[in-house]
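Enquirer: whatever this is, show me its structure:
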Amino acid sequence: MAIVHTAVDFRGQAFPGDMLTIKVAVTELKRTSFWAAYEVRRGDSVMATGRSAQVFFDYATQQPAVIPEAFRQTVASYEGIAGGAA
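Expert: Below is the predicted model:
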């Protein structure tokens, strides 16, 4: 798997010793890739949000690879999202 895109928006400062909550969710499944969303909170305050795109990759052929069906089904079920194109 390769991370092909990332974006982050900083909304507040966090300091050493802060108790942070980090939430991650897969928000979209495509044929060879998926998107994840991130949120970092300190209590009720959002410190940062972000997104990233990951591509399944066949390093032997140097080409994107179709998302394995077991991964697709598990993630779609857990996140409550459409499974996308298989």
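
Enquirer: and the strands in the protein?
Expert: For the chain, the strands defined by DSSP state E occupy 2-10, 21-29, 33-42, 45-55, 57-58, 63-64.

Enquirer: closest one to residue 83 among these?
Expert: For residue 83, the closest of the strands of the chain is strand 21-29, at 6.0 Å, according to CB to CB. In short, each C-beta sits where N, CA and C put it, glycine included.

Enquirer: and residue 11, how far from residue 5?
Expert: 20 Å (CB to CB, to the nearest Å).

Enquirer: swap that for residue 22, sorry
Expert: According to CB to CB, residue 22 stands 19 Å off from residue 5.

Enquirer: cool, residue 71 as well?
Expert: According to CB to CB, residue 71 and residue 5 sit 19 Å apart.

Enquirer: more neighbours: which of those two?
Expert: Set residue 71 next to residue 5 and count neighbours by other CB atoms under 10 Å: residue 71 wins out with 14 against 11.
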